[in-house]
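# this is the structure alone, sequence omitted:
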């Protein structure tokens, strides 16, 4: 029972993998979708838009089916894990500092609003 997929998406994917034609179609579709995202991302590096985000999403899409794409993203996964471990809650005085400057900004904005009416 441990080798059977449990979630609905995993069940659908296991059904597709069991059929050779459906599996080939699925992998081909993932291939084209992934490279389409990477291609649009490369174009958006020059044009205004989220180029790096689309390139990353394209490689994540490709990594769902292809080992070479998963291996390409492995160093990024390691760096994200290190960042997660190194991340910690800021000290209490940082919260006090941001609160103080937020209140100060509000008071200064109110003063300018009342001192110089339109």
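Structure received. Since this is a predicted model, take the numbers as computed values, not measurements. Numbering: from 1, shown residues only.

# got any ranges where this structure has weak pLDDT?
Along the chain, segments meeting pLDDT under 70 span 1-3, 5.

# show me the helices in it, by range?
Using DSSP state H, the helices found in the chain span residues 8-18, 20-46, 51-63, 67-86, 92-115.

# pretty sure residue 34 sits against residue 54.
No: using Cβ atoms under 8 Å, residue 34 is not in contact with residue 54, being 10.6 Å away. All C-beta spots, glycine's among them, are computed from the backbone N, C-alpha and C.

# hmm, back to that, most neighbours per residue, which of the helices of the chain?
Highest mean neighbour count among the helices of the chain (mean count of other Cβ atoms under 10 Å): helix 51-63, with a mean of 17.

# distance from the chain centre to stretch 92-110, please.
Computed by Cα atoms, centre = their mean, to the nearest Å, the separation of stretch 92-110 from the middle of its chain amounts to 31 Å.

# ugh, typo on my part, it should be stretch 109-118
42 Å.

# same question, stretch 37-49
Distance of stretch 37-49 from its chain centroid, counting by Cα atoms, centre = their mean, is 16 Å.

# could you do stretch 54-63 as well?
For stretch 54-63, the distance to the chain centre is 10 Å (Cα atoms, centre = their mean).

# could you do stretch 6-14 as well?
23 Å.

# check stretch 50-69 too.
10 Å.

# same question for stretch 29-41.
Offset of stretch 29-41 from its chain centre (Cα atoms, centre = their mean): 16 Å.

# now do stretch 85-96
Worked out by Cα atoms, centre = their mean, stretch 85-96 lies 23 Å from the chain centre.
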